[in-house]
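Could you work out the structure for the sequence below:
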Amino acid sequence: MHSKERTSLLCPNCRKLISADEPACPYCGLSKPGAQGFLAHSLSALAPEMTNIIIYINAGFFLLSLLINASGITLTANPFTIFSPSQEGLFLLGATGTVPITAFGRWWTLISASYLHGSLMHIFFNMMAVAQLGPFVIQEYGVNRFCVIYALTGVAGFFISFLAGIPFTIGASAAICGLIGAIVYYGKTRGGSYGEAIYKQALGWIAGLFFFGILVPGINNWAHGGGLASGILLAWCFGYLEQQRETLFHRRLALACIGLTGLALLFALVQTAYVYL
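This is a model prediction of the structure:
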C-alpha cells in the first residue's frame, strides 16, 4: 500500500513551511494556504511578462478603437494626431472625464481609460515608458505591488482630473506617472549612491513631464499630477522589497485590481459589440 504523497509549500502569509493539503496554516491560521499559494505563484510566474501583457492590451484596444467607426479616423501629416481614433469609438471603449461620468454615470471608465490612446504617437511614447519603467518597479517592489500601483494610480489620476473638470480624457500616462512616483520614493528613501542616482533620474522625468505638459496643448496635467502623488503615497504605504517582503494583503489587492480591470475592459468590449453588431 502506498500512502498519499504529501507536498510542502511556504505559507503565503507567514512564510512557514507547511503541508500543501493543510485546511489552514497551523502557524497563522490562513484558510486554504495551498490555494492561496497557487494564486501567488501564478502571478509571480507572470512577473517577467507583466509589462508586455499591459503593452499588448493597450495595443489591442488601440487597434480596436481604429477599427470601429473607421471613417472617423484622423489621417494627417501631423505626427501627434496621425491615426487618431474617433471620439465615438473612444467613448464606447471607456474614455473618462466629466462627460462620460457626470452625463452617463460611467464611473468604471476611471479604470478603462488607462488602456486607450488618442493617436499612434500617443500610444508609442506611453508604451515605451511602460517598457522602461515597469521592469524596474517590478524588480524593486514585486509584481503584486506593481499591479496595485499601476491600477490605482491610473484611477487616482483620472479621478483628480474629473474633479478638475476635464471633460474627456484617456491614456496610460496617469499610471505611468504613478510608477515614476514609486521610483521617486524608492530612490529617496533607499539612499546611497544607487538610490541617489535613481532619485535624480526620476526627478528628471518629472521635469520633462512638467515642461511637456506646459508646451504641448491637450495634455492632462491633472491626471499626471494625481498619478505622481498617488504613486508616492502608495509606495510609502506599501514599501518596497528591501523594506518589506510582499504580503498576503498585497497579493489579494493585486488580484482584486486585476479582476476589476478585466471586468471594466470586458464591459467596454461587450458594450461596443452590442452597439456595432
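
Only C-alpha atoms from now on, for both contacts and neighbour counts.
Noted.

what element comes up after the worst-scoring helix or strand of the chain on mean pLDDT heading to the C-terminus?
Within the chain, no helix or strand scores below helix 33-45, which has a mean of 62 by mean pLDDT, DSSP states H and E. The helix or strand immediately downstream of helix 33-45 is helix 50-67, counting by DSSP states H and E.

can you give me the mean pLDDT across that next one?
Averaged over helix 50-67, pLDDT sits at 96.

Need the CA coordinates for the helix or strand just after that helix. PDB is fine.
Next helix or strand after helix 50-67 toward the C-terminus (DSSP H and E): helix 87-93. Extracted in PDB, the C-alpha atoms of helix 87-93 (Å, rounded to 0.1, in the frame of the first residue of the first chain):
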ATOM      1  CA  GLN A  87     -14.400  60.200 -30.300                       C
ATOM      2  CA  GLU A  88     -17.300  57.900 -30.600                       C
ATOM      3  CA  GLY A  89     -15.100  54.800 -30.600                       C
ATOM      4  CA  LEU A  90     -13.100  56.100 -27.600                       C
ATOM      5  CA  PHE A  91     -16.300  56.900 -25.700                       C
ATOM      6  CA  LEU A  92     -17.700  53.400 -26.300                       C
ATOM      7  CA  LEU A  93     -14.400  51.700 -25.200                       C
END
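
and helix 87-93, how far out from the chain's middle?
21 Å (C-alpha atoms, centre = their mean, to the nearest Å).

Kindly report the same for stretch 127-146.
With C-alpha atoms, centre = their mean, you get 10 Å for stretch 127-146.

can you tell me the helix or strand for Tyr185?
helix 173-190.

Pull out the buried residues from that helix.
For helix 173-190, a neighbour-count test (16 or more other C-alpha atoms under 10 Å) marks 173-188, 190 as buried.

same question, stretch 266-277
Neighbour count says stretch 266-277 has Phe267, Ala268, Leu269, Thr272 buried, by 16+ other C-alpha under 10 Å.

One more: stretch 100-109?
Result for stretch 100-109 [16+ other C-alpha under 10 Å]: buried residues Pro100, Ile101, Arg106, Trp107, Trp108, Thr109.

Assign the spatially closest residue to the first one that is not a sequence neighbour to helix, strand or coil.
In this structure, Pro100 finds its nearest non-sequential neighbour in Arg106, 5.6 Å apart by C-alpha to C-alpha, 6 or more residues apart in numbering. When states are read from DSSP: H, G, I helix; E, B strand; the rest coil, the local structure at Arg106 comes out as coil.

So Gly60 versus Leu269, what's the distance?
Distance from Gly60 to Leu269, counting by C-alpha to C-alpha, to the nearest Å: 11 Å.

I'd assumed Thr189 was in contact with Ile198.
No: if you go by C-alpha atoms under 8 Å, Ile198 and Thr189 don't touch, sitting 10.7 Å apart.

For the stretch 151-277 of the chain, which segments are assigned as helices?
Taking DSSP state H, counting those that start in this stretch, the helices of the stretch 151-277 of the chain run over residues 173-190, 192-215, 221-238, 248-276.

Go through those helices and name the closest to Ala156.
Ranking the helices of the stretch 151-277 of the chain by proximity to Ala156 (C-alpha to C-alpha) places helix 221-238 first, at 5.9 Å.

returning to that earlier point: present the buried residues of stretch 266-277 as JSON lines; the columns should include distance to Gly213.
Below are those laid out as JSON lines (distance: C-alpha to C-alpha, whole Å):
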{"residue": "Phe267", "distance to Gly213": "31"}
{"residue": "Ala268", "distance to Gly213": "29"}
{"residue": "Leu269", "distance to Gly213": "31"}
{"residue": "Thr272", "distance to Gly213": "31"}
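
Pull the most distant pair out of those residues.
Across the buried residues of stretch 266-277, no pair lies farther apart than Phe267 and Thr272, at 8.5 Å, counting by C-alpha to C-alpha.

Per the annotation, how does the protein divide into domains?
Recorded structural domains for the chain (assignment: automatic domain parsing) are 8-45, 48-276.
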